[in-house]
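Q: here's a sequence, model it:
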Amino acid sequence: MKTVKYGYSKNDIINVGRGFDIMPEKIYENFYHLFRNKIKTKYMIYQRKNFEINDIVYNNTEEQIVIFILTDALRPDHMSLYGYNRETTPYMKHYGFIPFNDMYACETSTTRSVPCLLTSMNRGENFLTYLEKPSIFTIFRKAGFYTAFISAQSSISTSDTGQTIIADDADYSFFNINFDVQYDTELLPYFDNILNNSNPNKLIAIQLNGSHWDYNTRFKLEDAEWKPLCENFALDCPVENLVNSYDNTILTTDTLVKNIVERVKDKNAVIYFSSDHGQFLGEGGLRLHAQGRMNFKEVGVVPFAVWYSDKAKKHVNINTIMNNKDKITTHDIIFHSITSCAGIESSIIDKKLSICSENLKEIPNEFINYISKKAE
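A: Numbering: from 1, shown residues only. Okay, here's the model as predicted:
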């Protein structure tokens, strides 16, 4: 029987979680491998609880707040911060976020990208490697920070296991299991509760629904800046309408960023901003995203931007960061930048993968011969 692979064209059902094959004649073999992988994963999760990291050094006695905003399915070329002709991110521009121009994602699906970028796992390693790697929460907790992961996404699906495991490393985690959060901005009360924690040092990671389909559910329809909107499923909608709906989602993300900046601008605070992967908007007839499409710029390139309060600027060399913003990087630098720029030292932290280092390692351009495909 012919193997049918999902997600190869707009005529297929696009699998936004992970690629899989329909192979009825191998159902018993597939069940065996699934069961074996479940056992292996359970064992690795158990082992994860026994991380021995004994060389963490952090001597800063001043209050410090580190925030990582992780949105979903956002393309940098649709952000005005990166020169897009629509003002989709006016607040990020106003507050002076520093955009890094070329960052490649760990993967092109949330389930594989998020566990990778939140740990010391290297892009390109076997997916389950993240289970053997410390997360940013592990490092910051050992440095004495109060740590939290709050998400507008649900953790009830088995495909979300990775980010649920990583979130468990934090002191506090919240997933939108009961769907109490409709729009990303409704995470702000949860953020405020964490901000009021008695520990002066905090690491707060915020995961958004961002620009993930269904776009029209990410913003209030009456607030839509660009119309007409996409009224059908993404595969049937005219490209112009699809883009209008998509761009409106970014305004909601930008508003959330504004509200967070206003809450911490007078503190010693830094905000890191990125996305787990990009999104197809009709290029070559493709829409949405799927695992394993790293050779497509539309889904493989993500935004990465940083903001420092006036107090935080006293502890970093902004010139060094500005000099690094045009280097080609990957999600790999997020773990090492967030930890090392906070003043945490450990053998696990590679300063050559930190934006605060003059020797930030640059990778080769994976899209040097890339030719953009016409939207269809």
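Q: what's the helix ranked longest in the chain packed up against?
A: Ranked by number of residues, the top helix in the chain under DSSP state H is helix 239-264. Counting by 3 or more Cβ pairs under 8 Å, 6 or more residues apart in numbering; DSSP states H and E, the packing neighbours recorded for helix 239-264 are strand 64-71, helix 90-94, helix 188-195, strand 269-275, strand 280-281. (Each C-beta comes from the backbone N, C-alpha and C, glycine too.)
Q: could you give the angle of that helix to helix 188-195?
A: Here the directions of helix 239-264 and helix 188-195 differ by 30 degrees (axes from the mean of the first three to the mean of the last three Cα atoms, to 10 degrees).
Q: ok, which stretches of the stretch 1-150 of the chain are helices?
A: In the stretch 1-150 of the chain, the helices defined using DSSP state H, counting those that start in this stretch lie at 27-48, 90-94, 110-117, 136-142.
Q: out of the helices and strands packed on helix 239-264, nearest to residue 137?
A: Comparing the helices and strands packed on helix 239-264 against residue 137 with Cβ to Cβ, the closest turns out to be strand 64-71 (10.4 Å).
Q: neighbouring strands - and their directions - for the closest one?
A: Next to strand 64-71 in the sheet, as set by DSSP bridges, lie strand 201-207 (parallel), strand 269-275 (parallel).
Q: of the ones you listed, which is nearest residue 90?
A: Closest approach to residue 90 among these is made by strand 269-275 (14.7 Å; Cβ to Cβ).
Q: from the chain's centroid, how far away is that closest one?
A: On the basis of Cα atoms, centre = their mean, to the nearest Å, strand 269-275 sits 10 Å off its chain's mean C-alpha point.
Q: number of residues surrounding residue 319?
A: Residue 319 has 9 neighbouring residues, counting by other Cβ atoms under 10 Å.
Q: got the confidence number for it?
A: Turning to residue 319, the model gives it a pLDDT of 96.
Q: quick one: list the elements packing against the host helix or strand of it.
A: Take DSSP states H and E as the rule and residue 319 turns out to sit in helix 318-324. Identification of packing neighbours for helix 318-324 by 3+ Cβ pairs under 8 Å, 6+ apart yields strand 98-104.
Q: what comes up buried for the helix holding residue 319?
A: 321, 324 (16 or more other Cβ atoms under 10 Å).
Q: kindly report the same for stretch 98-111.
A: 98-100, 102-111.
Q: which of these sits closest to residue 60?
A: Out of those, the member with the shortest distance to residue 60 (by Cβ to Cβ) is residue 98, at 22.0 Å.
Q: tell me the bridge partners for the spatially closest residue to that closest one that is not a sequence neighbour.
A: Closest residue to residue 98 apart from its sequence neighbours, by Cβ to Cβ, 6 or more residues apart in numbering: residue 306 at 5.2 Å. Taking DSSP bridges as the rule, residue 306 bridges to residue 98, residue 272.
Q: look up how far residue 103 lies from residue 306.
A: As judged by Cβ to Cβ, to the nearest Å, residue 306 and residue 103 stand 12 Å apart.
Q: let's have the strands paired with strand 64-71 in CSV, adding distance to residue 228 and mean pLDDT.
A: Below are the strands paired with strand 64-71 laid out as CSV (distance: least, Cβ to Cβ, whole Å; pLDDT from 0 to 100):
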stretch, distance to residue 228, mean pLDDT
strand 201-207, 30, 98
strand 269-275, 26, 98
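Q: of these, which is nearest residue 49?
A: strand 201-207 (19.5 Å).
Q: mind listing residues that contact that closest one?
A: 60, 63-70, 72, 114, 118, 136-137, 140, 143-153, 163, 170, 187, 191, 194-195, 260, 338 (Cβ atoms under 8 Å, 6 or more residues apart in numbering).
Q: again, but for stretch 248-258
A: 69, 71, 74, 78-79, 88-92, 95, 97, 183-185, 187-188, 208, 210-211, 215, 218-219, 223-226, 229, 271, 273.
Q: kindly report the same for stretch 339-347.
A: So stretch 339-347 is in contact with 53, 55-60, 64, 66, 136, 139-140, 143, 270, 315-316, 349, 351, 354-357, going by Cβ under 8 Å, 6+ apart.
Q: got TSV for the helices and strands packed on helix 239-264, with distance to residue 179 and mean neighbour count too?
A: Output for the helices and strands packed on helix 239-264, formatted as TSV (distance: least, Cβ to Cβ, whole Å; neighbours: other Cβ atoms under 10 Å):
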stretch	distance to residue 179	mean neighbour count
strand 64-71	19	24
helix 90-94	27	17
helix 188-195	14	16
strand 269-275	22	25
strand 280-281	27	22
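Q: just send these back as JSON lines, with distance to residue 331 too.
A: Shown next, in JSON lines, are the helices and strands packed on helix 239-264 (distance: least, Cβ to Cβ, whole Å):
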{"stretch": "strand 64-71", "distance to residue 331": "10"}
{"stretch": "helix 90-94", "distance to residue 331": "19"}
{"stretch": "helix 188-195", "distance to residue 331": "23"}
{"stretch": "strand 269-275", "distance to residue 331": "7"}
{"stretch": "strand 280-281", "distance to residue 331": "19"}
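Q: kindly export stretch 312-321 (C-alpha atoms) in CSV.
A: What follows is stretch 312-321, C-alpha atoms only, in CSV (Å, rounded to 0.1, in the frame of the first residue of the first chain):
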residue,chain,number,x,y,z
ALA,A,312,19.1,47.2,33.1
LYS,A,313,21.3,49.1,30.6
LYS,A,314,23.7,49.8,33.4
HIS,A,315,24.5,46.0,33.6
VAL,A,316,25.0,45.2,29.9
ASN,A,317,27.1,46.6,27.0
ILE,A,318,24.4,47.8,24.6
ASN,A,319,27.1,48.4,21.9
THR,A,320,28.0,44.7,22.0
ILE,A,321,24.4,43.7,21.6
